[in-house]
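Participant: Kindly return the folded structure for what I paste below:
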Amino acid sequence: MAKSQFREYVESFLVSIIAAALIIAFVAQSFLVEGSSMEPSFHDGQRMLVEKVSYRFGDPKRGQVVVFRYPSDRRRKFIKRIVGVPGDEILIRGGFLYVNGVRLDEGYVNGPTYGTYGSPTFGPVLVPEGHYFVLGDNRRNSDDSRYPDVGFVPRRDLVGRALFVYWPISQARSVQIPSVFERVE
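Facilitator: Take a look at the predicted model:
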């Protein structure tokens, strides 16, 4: 009898491991925020749940916070905010982000938005089909689509979208799309 109980425990353990692996691979995964590129929205050391299902059935939207594979080293994963979807025109001028000619007053960012390497402007650039333009919320300290090592992020490199912060518990909350993106056509 002890042998069959032991076998039952082993089988249950193996089924649990396989189920967990499938969930992590296809449904949802924990993600650790590392660095300050998303401050003040997200902080170093926070943990969030990233879901992987919705992009199989629908398109990513402006304002969503996503995790993607870093193009220069696909083993690394970055977290940024989508600000441009395929066909959007992106321009940075005078410390502001413009999407399709609409100036976004982004109250959630840390400081003004500039181009690359301190330049006051960036673009205009057109987001190509199948790609996304991403920016960190800490625009003065973010390796994002403004820089050639990231550039436009291909859809295939998107891992998923951030759903909610769960750690530390005192900072638990859902991740929302800022209302400023509703103005962009």
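Participant: Bridged to Arg69, which residues?
Facilitator: When assigned by DSSP bridges, Arg69 has beta-bridge partners Lys77.
Participant: centroid residue for the chain?
Facilitator: Note on the chain: the residue nearest the mean C-alpha position is Val66, at 1.8 Å, using C-alpha atoms, centre = their mean.
Participant: So it versus Arg173, what's the distance?
Facilitator: Note on Val66: its distance to Arg173, by C-beta to C-beta, to the nearest Å, is 17 Å. All C-beta spots, glycine's among them, are computed from the backbone N, C-alpha and C.
Participant: List the contacts of the host helix or strand of the residue nearest to the centre of the chain.
Facilitator: Assigned by DSSP states H and E, Val66 falls within strand 65-69. With C-beta atoms under 8 Å, 6 or more residues apart in numbering as the test, strand 65-69 has contacts from 31, 38, 41-42, 50, 60, 76-82, 132, 134, 153, 157-162, 175.
Participant: now the strands for this structure?
Facilitator: Applying DSSP state E to the chain gives strands spanning 28-32, 47-51, 65-69, 77-84, 89-93, 96-99, 102-104, 121-126, 131-135, 153-154, 158-167, 173-174.
Participant: Tell me which strands the last one pairs with, and in which orientation.
Facilitator: When you say that, I think you mean strand 173-174. In the sheet, strand 173-174 lines up with strand 158-167 (antiparallel) (DSSP bridges).
Participant: mind checking how far the strand it pairs with is from the chain centre?
Facilitator: Relative to the mean C-alpha coordinate of its chain, strand 158-167 is positioned 8 Å out (C-alpha atoms, centre = their mean, to the nearest Å).
Participant: and the angle for that strand with strand 65-69?
Facilitator: Relative orientation of strand 158-167 versus strand 65-69 (axes from the mean of the first three to the mean of the last three C-alpha atoms, to 10 degrees): 130 degrees.
Participant: what about the residue nearest to Pro112 when sequence neighbours are not counted, distance to Asp59?
Facilitator: Nearest residue to Pro112 in three dimensions, chain neighbours excluded: Gly95, at 3.2 Å (C-beta to C-beta, 6 or more residues apart in numbering). In this structure, Gly95 lies at 29 Å from Asp59, with C-beta to C-beta as the measure.
Participant: Identify each buried residue in stretch 31-50, please.
Facilitator: For stretch 31-50, burial by neighbour count (16 or more other C-beta atoms under 10 Å) applies to 31, 33, 35-39, 41-42, 46, 48-50.
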